[in-house]
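using only what follows, build the 3D model:
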Amino acid sequence: MAFRTGLFSVFFVATSALGVWAGYVAHAATDGTLGPTSTGRSNIIITVQREMRVNNINDIPLGTFDAATSPLTGFDPLCVYDNGLGGYQVTLSSANGVGQFQMENGTSVVTYSVEYDDSGTGANYVAATEGVPITTRANAATTNDSCVTLGADNARIRVRVTNADVSGSSSNGLHTDTLSVVIAPSP
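Numbers count the residues shown, from 1 in each chain. Now for the predicted structure:
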């Protein structure tokens, strides 16, 4: 994008995951001429990189599972920032699972489900598939990377364990997983 005033031009290069956009300004840098006054011109160039951040993430302790009170559900509100247009995708991945979310205790496995809400209120939950991006998310903070100007976090994760998830485990005790949250520009 170029801006021009009477004496100088500005040249912008914008980058994103889809490539680089560049605009060319008609005026090249020129030196002034010798005389009672002299005017030189210079192009000013800037590259604005797309930056994103997910923060305010906390552990989600689910407690002790009791089949009589199933399902066991936990939440984590978080903040998503994007200095671009605010459109993003989120990929949720299990450190123990390939294609499914699962907690482990040795060889014992407890599966679980994950949902993602981009409203921050719990109104727009979408079921996540392990390792598969959830596209066209919105509501990212665009002016502050910690959601301070919003007054609250702008997204939520919900984790749920049911009787069916626990029935496949082969041992009692503590089962754990690490859930990764990756934010990227929407394709």
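
how many other residues sit next to the closest residue to Thr143 other than its chain neighbours?
Counting by Cβ to Cβ, 6 or more residues apart in numbering, Thr149 is the residue found nearest to Thr143 once chain neighbours are left out, at 5.2 Å. Where C-beta positions appear, they are placed from N, C-alpha and C, glycine not excepted. Thr149 sits with 10 neighbouring residues when counted by other Cβ atoms under 10 Å.

element containing Thr149?
Following DSSP states H and E, there is no helix or strand that holds Thr149.

where does it land on pLDDT?
We have a pLDDT of 76 for Thr149.

next one: Met103
Per the predicted model, pLDDT is 96 at Met103.

and the chain, what are its domains?
The record's domain parsing of the chain by automatic domain parsing lists 2-48, 52-185.

which parts of stretch 149-161 are buried?
Judged by neighbour count (16 or more other Cβ atoms under 10 Å), stretch 149-161 contains these buried residues: Leu150, Asp153, Asn154, Ala155, Arg156, Ile157, Arg158, Val159, Arg160, Val161.

and of these, the nearest to Asp118?
Ranked by distance to Asp118 (Cβ to Cβ), the buried residues of stretch 149-161 are led by Ala155 at 5.4 Å.

residues contacting the closest one?
Going by Cβ atoms under 8 Å, 6 or more residues apart in numbering, Ala155 touches Pro77, Leu78, Cys79, Val80, Val90, Tyr116, Asp117, Asp118, Ser119, Gly120, Arg137, Asn139.
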